[in-house]
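[1] attaching a predicted model along with its sequence, questions to come.
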Amino acid sequence: VQLVESGGGLVQPGGSLRLSCAASGFPFSSYGMSWYRQAPGKERELVARIDTAGGSTNYADSVKGRFTMSRDNYKNTVYLQMNSLKPEDTAVYFCNAYREEIVTGRISNYWGQGTQVTVSL
């Protein structure tokens, strides 16, 4: 199983970045996907999540209206388009794949290695 994030970097306030997370080794289209972030000295927090088909998304209040999450089940990839970036968006961003099997209750939960996003002048 692999989740490989990319697209992070240094950007000025008000700028944009697009993160990607390429998945392999598991049935991607049957997993809910999420982006989390962790700033220095803070706990990891949920940024956005998307359902298996890509028809439903949820966002943290702090990023609503600025971030958009999407997925491409043909490319086994999820994206996070981040606009109007603020210094407080600075963090390591992690991709997460999650599935709870209905019949057995078995939970599968995978994480990527993270990509650094720094918003600064």
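    Sure thing, it's come through.
[2] going forward, measure contacts and count neighbours with C-alpha atoms only.
    Fine.
[3] for residue 22, see how far away the residue nearest the centre of the chain is.
    Nearest to the mean C-alpha position of the chain, counting by C-alpha atoms, centre = their mean, stands residue 35 at 2.2 Å. The span separating residue 35 from residue 22 equals 13 Å under the rule C-alpha to C-alpha, to the nearest Å.
[4] what do you get for residue 78?
    7 Å.
[5] so the two - more neighbours on which side?
    residue 78 (25 against 18; other C-alpha atoms under 10 Å).
[6] I'd say that one and residue 69 touch.
    Yes: at 7.3 Å, residue 78 counts as touching residue 69 under the criterion of C-alpha atoms under 8 Å.
[7] now the longest strand anywhere in the chain: average pLDDT?
    Determined from DSSP state E, the single longest strand within the chain is strand 91-100. Across strand 91-100, the average pLDDT comes to 96.
[8] low pLDDT regions in the protein?
    Filtered on pLDDT under 70, the chain yields no residues whatsoever.
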